[in-house]
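*Asks:* just a sequence and a predicted model for now, questions to come.
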Amino acid sequence: MGLPLALMDALRRRGIPFVVTLHDYWFACANAQLVTNFDNSQCDGPVDLKCARCAAARSGLPDFAAPAFTPVMRNRNVRLREILACASAVTAPSRGVIAWFAEHGFDATGWRVVAYGLSGAPVPPEPPNSVPHFAYIGGLSEQKGAHILIDAFNAMPPDATLTIAGPLDVFPDYVARLCARARHPGIAFVGALQREDVWRTLARTDALIAPSLWPETYMLVAHEALAAGCALIASNIGALADLATRHDAAVTLIPPGDADALRIALRSIRPGERRIRAHRDTVDYASDMARLYAEVTRP
């Protein structure tokens, strides 16, 4: 993202192999996260006029100006598909990402899953309390669904606790709405965590909540939570849905945006039911990528 397409053309002319890793949806969505600029809604995939509406809104122009952007966005979408088709290899961190691109008309034949690795080691769990402690760790933006979590948690018993960790200054208007929405006395906004504090927070957490409204491509902290022995309550969408196939007992999936289903899942968590799990680390990821690059550059 951010590199000119002319760079890929130059690589192709010189016969230099290149690898594309789909960390997000930028090759299909100029906003990268499938969220529209004109009404902040979840987008189900690229359509020329809809992409043009996003471009117009991003430029500060009214909706009726969108048709002027249609040829530009159509050209973008066609060119980026060509780039992916010419890549020596395409990787993604989860099966869900590859499935999404395939469902939206991309030829994903031969694309590979190369999952990320975790940095650092889990901290031993703290002794359990009499009531479970919950945590949300991540960005505080609308598509992450923190407002759904707050709506669900407001109906929890008064002694339940929820730590919400994320930057408070990136989307201040949304954060202000979250704070106004939080009526439960056990909800604490702690701001962004330093990397070493993530493991410490998970050590005293019984369940991490990932209420995303968009199809996450991986969500590193969800994997960290499972490695630390936490339960995971997550939206049944994108890469989060993939986790249930490998951690069935630890993962509870709920429909995205369903506060009632989330509230039921929260009430099912019992404190102290933890088990440190084996996990993939950054060396594993680097080794896989090194082998891939060796493969595509082999004479």
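*Replies:* Sure, I can see it.
*Asks:* any idea how far residue 147 lies from residue 84?
*Replies:* Note on residue 147: its distance to residue 84, by CB to CB, to the nearest Å, is 34 Å. (Glycine included, C-beta is placed from N, CA and C.)
*Asks:* do residue 191 as well
*Replies:* Here residue 191 is placed at a distance of 38 Å from residue 84 (CB to CB).
*Asks:* and those two? Which one has more around it.
*Replies:* Ranked by neighbour count (other CB atoms under 10 Å), residue 191 and residue 84 place residue 84 first, with 18 against 12.
*Asks:* so where is this structure shaky, pLDDT-wise?
*Replies:* Low-confidence segments of the chain, defined by pLDDT under 70: 1, 246-248.
*Asks:* what's near enough to touch the most centrally placed residue in it?
*Replies:* In the chain, the residue lying closest to the centroid (CA atoms, centre = their mean) is residue 216, at 3.0 Å. By CB atoms under 8 Å, 6 or more residues apart in numbering, the residues touching residue 216 are 96, 210, 222, 237, 238, 239, 240.
*Asks:* doesn't residue 217 make contact with the first one?
*Replies:* This points to residue 96. Yes - contact between residue 96 and residue 217 holds when scored by CB atoms under 8 Å: they sit 7.5 Å apart.
*Asks:* coming back round to it: show me the two of the contacts of residue 216 that sit farthest apart.
*Replies:* 96 and 210 (13.3 Å; CB to CB).
*Asks:* higher neighbour count, the two?
*Replies:* The neighbour count for residue 96 versus residue 210, taken as other CB under 10 Å, is higher for residue 210 (26 against 21).
*Asks:* ok, the more buried one touching residue 223?
*Replies:* No - using CB under 8 Å, residue 210 makes no contact with residue 223, being 10.7 Å away.
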